[in-house]
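Peer 1: what follows is a predicted structure for the sequence shown.
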Amino acid sequence: DGGITQSPKYLFRKEGQNVTLSCEQNLNHDAMYWYRQDPGQGLRLIYYSQIVNDFQKGDIAEGYSVSREKKESFPLTVTSAQKNPTAFYLCASSSNQGRSSNQPQHFGDGTRLSIL
Amino acid sequence: QQQVKQSPQSLIVQKGGISIINCAYENTAFDYFPWYQQFPGKGPALLIAIRPDVSEKKEGRFTISFNKSAKQFSLHIMDSQPGDSATYFCAASISGSARQLTFGSGTQLTVLP
């Protein structure tokens, strides 16, 4: 089945530690996104990538980093500089076909990150 | 700043009732307005979407009403069922914009049996 796979489902981070969240898609989508979800705040955009080897900061990029070496993969690293990393992280992808129209975003089932 | 304001934060409806969630936006360049449904522990899934050239779109029990002059749009769930209990997000985007969606803060809907 085509879709987006996020792993792990639950992740724990120690103080001062970097952790990497995985996002893989087999939908052949060009665009990929990372969102952070906190209770009562909806989804906030961390980083997005429209094409391999290119990505842009979203609204809350500080303390995060990404890479886009393959079309299928868009890993997110939560660095020790992110002082409040406890949240639900969602990865999404969409087709870039027809730039004049909007293509729906497909989401993975998220990774819940907690601080030990 | 691009913002989408959503209300109410939570909503409790009896089975068979109508659930109504409202959103308002500021940026008149927005031209695509989707609604997403999210169940606990899952990612959001696209429910229904509308463009500003129509005032209403209906898919089954779900209807989007759009008021361009007021810069508001709403989701109506007719004959609400316990299985509709979820968090609903409105969103908005600009065609051709690389960053895509700006989300509302979400509404937690509970449909009582």
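Peer 2: Received the coordinates, thanks.

Peer 1: from residue A:105, how far out is residue B:10?
Peer 2: Residue B:10 is 25 Å from residue A:105, where distance means CB to CB, to the nearest Å. The way it works is simple: take the backbone N, C-alpha and C, and place the C-beta from them, glycine included.

Peer 1: among these two, which residue is more densely surrounded?
Peer 2: Neighbours were counted for residue B:10 and for residue A:105 using other CB atoms under 10 Å in any protein chain shown; residue A:105 has more, 27 against 11.

Peer 1: need the contact list for the more buried one.
Peer 2: By CB atoms under 8 Å, 6 or more residues apart in numbering or on different chains, the contact set of residue A:105 is A:33, A:92-94, B:46, B:100-101.

Peer 1: OK, contacts around residue 19?
Peer 2: By default, I'm working from chain A. A:11, A:13, A:77-78, A:113.

Peer 1: oops, I was thinking of chain B
Peer 2: B:11, B:13, B:75-77, B:80, B:84, B:109, B:111.

Peer 1: measure the nearest residue to it once chain neighbours are set aside to chain A for me?
Peer 2: Using CB to CB, 6 or more residues apart in numbering or on different chains and skipping the chain neighbours, the partner closest in space to residue B:19 is residue B:77 (4.0 Å). Remark: distance between residue B:77 and chain A (CB to the nearest CB, to the nearest Å) = 19 Å.

Peer 1: give me the phi and psi angles of residue 30.
Peer 2: Using chain A. For residue A:30, the backbone dihedrals (degrees, to the nearest 10) come out as phi -80, psi -40.

Peer 1: oops, chain B please
Peer 2: Dihedral angles (degrees, to the nearest 10) for residue B:30: phi -60, psi 130.

Peer 1: how many residues are close by it?
Peer 2: Residues contacting residue B:30 under the criterion other CB under 10 Å number 20.
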